[in-house]
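S.K.: Output the structure for:
(chains A and B, ligands or ions: 1)
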Amino acid sequence: MKIVLKQVNLLNPEQKLQQKSDILIEDGVIKKIGGLKEEDFKTSKVFDFENKYCVPGMLDMHVHLREPGREDEETVETGCNAASAGGFTSVACMPNTSPDIDSAEVVRYIKEKSKNHLVEVYPVAAASLGRKGEALAPMYELFEAGAVAFSDDGIAIKTPHVLRHAMEYSKMFDAPIIEHCEDDSLADGAMNESATSTLLGLPAIPTVAEDLIVIRDIMMAEFTGARVHIAHISSKNAVDLVRQAKKKGIKVTAEVAPHHFTLSDEMVKTFDTNYKMNPPLRSSEDVDAMIEGLIDGTIDCIASDHAPHSIEEKEMEFIYAPNGILGLETILGISLSELVHKKRLSLSQLVEKLSINPRKVLNLPVPQIKEGEKADLTIFDPDLIWTVDVSKFKSKSKNSPFDKRLLTGKSIAVINKNKMFYEEKFFGI
Amino acid sequence: MSLSSRHLLGLSGVPKEDLQLILDTATTFREVLERPIKKVPTLQGKTIVNLFYENSTRTRISFELAQKRLSADTINFSTSTSSAKKGETFKDTVRNIEAMKVDMIVVRHQSAGVPQYLTKISKANIINAGDGLHEHPTQGLLDMYSIRERLGKLQGLKVCIAGDVAHSRVALSNIFGLKTMGAEVSVCGPSTMIPTGIESFGVKVLHNINDAIANNDVLNVLRIQLERNAGVRIPSLREYHQYFGITTERIEKFNRDILILHPGPINRGVELSSEVADGPYQVILDQVTNGVAIRMAVLYLLGTMHN
Ligand SMILES: [Zn+2]
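M.R.: Next up is the predicted model:
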């Protein structure tokens, strides 16, 4: 099948590409950019994408798909549907499933489940067996089966000893270690430690719990020469530590979740458990530091930390409710609203953080918008005003604090693997 | 006169007029408690559930007695297991109770925010009997009542809350209530027991108990919560007593006019010496009696409101 995207703004900073053009895609391959004939329009399904942007397919490098284990909250399929609706053609899924992604069998299981979906799923495997921080997971085998990175996400790799070996071992195939940075002994809390936690009487986690592991991991990355990626960074000091480490040439990268550059711990005053996540929402100073880090490039990527939870579990008493919120279907809208429309990042910079840098961190090729290349594309309207409605989410869960929020900018379509998702529907192209 | 809210979730943000009204109403009920027949028919026909997710016999008995003295029908629901462990969700439990047509719910829970959440899922009047490390408003009120009873006023008084402030729900209710009533409030304790950012609530932080005794009219001494992992925050109870314990010696040396309060139960020989706990400076048992009067006042004012 042939499709034409008419008068769309092509944007790929990686290729220094920025032009308005018609584009012809046939059998999933970009056939022509510009120079389309009358004939091409007649024989193709034509999409008028004037004023829309077409960028390399976005990759959300931190999502929890819950399968295997908690298929009541999300499955590979519903998670991929949510990704498509949110503007993503790829996701990297975290290993804290049940069983954990610590065997090649589970990697293959997830790969198999997503094989026919538009969205490409890249499993992030556990660094240690059962994420227990005691023995290394079979990293080489996991890598060969399709894992792209290693992480004990949910927690940091328990000891410097195991961390060292995980880094040294993963270096052999240049896969990064992704760290959930939090010192366990300081992490027994339900929100950020601040005057607000004192006011609310909730047990709290100080930012230093994050900073300590960030500095540990940076030093270990320097020592081993391996690559470390800081997941969901949230503290101002941690951003400073990454900034300094980058200046020294240490191989460290970082991602931030939209809630950490949008919401502060003041929101917890509602006692709404949709404001409970880990790392917790921090102070407004930390929120500003996230934006600074995005602007100066200290923070490379934006990732949602999409964490579906059942209604019964999320509706528990605050201290017992599980951590985490949905992210896939709001991340682009929030990023456009909070970063681009507020003139903090340019559109090109945003594309770097959502499409290009995540692939560089994961050592994956960046899709090119070029004749002869496979079409792996996200098309979004940066100016579309819409209201978030969790009841319309493709995700199986509904736990989002952004419900009813007015956003400017939304994904319109995604194209990948000979498939297109447009107007809430999937079809072959 | 009636209260401005149909729930009592905490003392934070409660206007002065409301606090005044509760304290004054409690004076009336305090007098009832001295009568041979200590019962009034004001809440006849009202059903009140005491929903206690945390063991607190004292608070529960005090509420229960207050309810009986007001002629309300009382049901106790006590469990020390959290809903997370026992299978039925908190929401389902509340809905079940709600279906039995209750008018008021008195709730005690390990998690801060539960009373606030209850107001969203129940139509009953909600009274917070202690949530997490957040608030315990009737305790704050009875402390204020006891101070006013002895010293005749709250305005302009200097009150220090001493002890494990970080793990106390009594401290916050005291701070908010007393400050609204015009008292000057400070906290005193080892720095490991002073919570982050407490100064931002307009309270002074002290670490020297002698200064606290010397410079205050009232000392509200908190219990050292052994069950809350106090061992990591102080080297030993002996050391705590040595540097922060209230003793007759200290009182007589620094301020013989001080009034000592304690929410109970007392760790004798830790935060208070036995001599102080039984001595002339304290009003600990008056606090217990006043607690019933305060709870009667709160139940009465909320139970007779027209919504
Ligand atoms: Zn994490």
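S.K.: Give me the contact list for stretch A:355-369.
M.R.: A:10, A:12-15, A:17, A:23, A:30, A:33, A:54-61, A:89-90, A:92, A:122, A:148-149, A:174-176, A:227, A:229, A:253, A:255, A:300-301, A:303, A:373-374, A:376-378 (Cβ atoms under 8 Å, 6 or more residues apart in numbering or on different chains). Where you see a C-beta, it was placed from the backbone N, CA and C, and this is true even at glycine.
S.K.: So residue B:220 lies in a helix, does it not?
M.R.: No: read with DSSP: H, G, I helix; E, B strand; the rest coil, residue B:220 is strand and lies in no helix.
S.K.: Can you report how many residues neighbour it?
M.R.: Other residues lying near residue B:220 total 29 when counted by other Cβ atoms under 10 Å in any protein chain shown.
S.K.: wait, what's in contact with the closest residue to it other than its chain neighbours?
M.R.: Excluding the flanking residues, the one nearest residue B:220 by Cβ to Cβ, 6 or more residues apart in numbering or on different chains is residue B:261, at 4.4 Å. Shown in contact with residue B:261 (Cβ under 8 Å, 6+ apart): B:143, B:146, B:147, B:218, B:219, B:220, B:221, B:282, B:283, B:284, B:287.
S.K.: And those residues, which of them are buried?
M.R.: B:143, B:146, B:147, B:218, B:219, B:220, B:221, B:282, B:283, B:284, B:287 (16 or more other Cβ atoms under 10 Å in any protein chain shown).
S.K.: near the ion too, which of the residues you listed?
M.R.: Checking these against the ion by Cβ under 5 Å from the ion, not one of them is in range.
S.K.: Kindly reformat those residues as TSV and extend each row with pLDDT.
M.R.: Output for the buried ones among the contacts of residue B:261, formatted as TSV (pLDDT from 0 to 100):
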residue	pLDDT
B:143	98
B:146	98
B:147	98
B:218	98
B:219	98
B:220	98
B:221	98
B:282	96
B:283	97
B:284	96
B:287	97
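S.K.: any chance of those residues in CSV, plus distance to residue A:418?
M.R.: Shown next, in CSV, are the buried ones among the contacts of residue B:261 (distance: Cβ to Cβ, whole Å):
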residue, distance to residue A:418
B:143, 72
B:146, 77
B:147, 77
B:218, 77
B:219, 76
B:220, 72
B:221, 74
B:282, 81
B:283, 81
B:284, 78
B:287, 76
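S.K.: Could you list the low-confidence segments of the stretch 1-150 of chain B?
M.R.: The stretch 1-150 of chain B contains residues with pLDDT under 70 at B:81-86.
S.K.: since we're on residue 256, how many residues are nearby?
M.R.: No chain was given, so I picked chain A. 27.
S.K.: ah, no, chain B please
M.R.: Residues lying near residue B:256 (other Cβ under 10 Å) number 10.
S.K.: What of residue A:308?
M.R.: That count, for residue A:308 with other Cβ under 10 Å as the rule, works out to 29.
S.K.: For the nearest residue to residue A:407 once chain neighbours are set aside, which three-state class applies?
M.R.: Spatially, and ignoring its direct neighbours in sequence, residue A:407 is nearest to residue A:333 (3.6 Å; Cβ to Cβ, 6+ apart). Under the three-state scheme (three-state DSSP), residue A:333 adopts helix.
S.K.: now the strands for the stretch 201-350 of chain A?
M.R.: If DSSP state E, counting those that start in this stretch is used as the criterion, the strands of the stretch 201-350 of chain A fall at A:204-205, A:228-230, A:252-256, A:301-302.
S.K.: Quickly run through the sheet partners of the second one, with directions.
M.R.: Strand pairing for strand A:228-230, determined by DSSP bridges: strand A:177-179 (parallel), strand A:252-256 (parallel).
S.K.: Next, the buried residues of it.
M.R.: A:228, A:229, A:230.
S.K.: my read: the first one touches residue A:217, true?
M.R.: Yes: with contact defined as Cβ atoms under 8 Å, residue A:228 counts as touching residue A:217 (4.9 Å).
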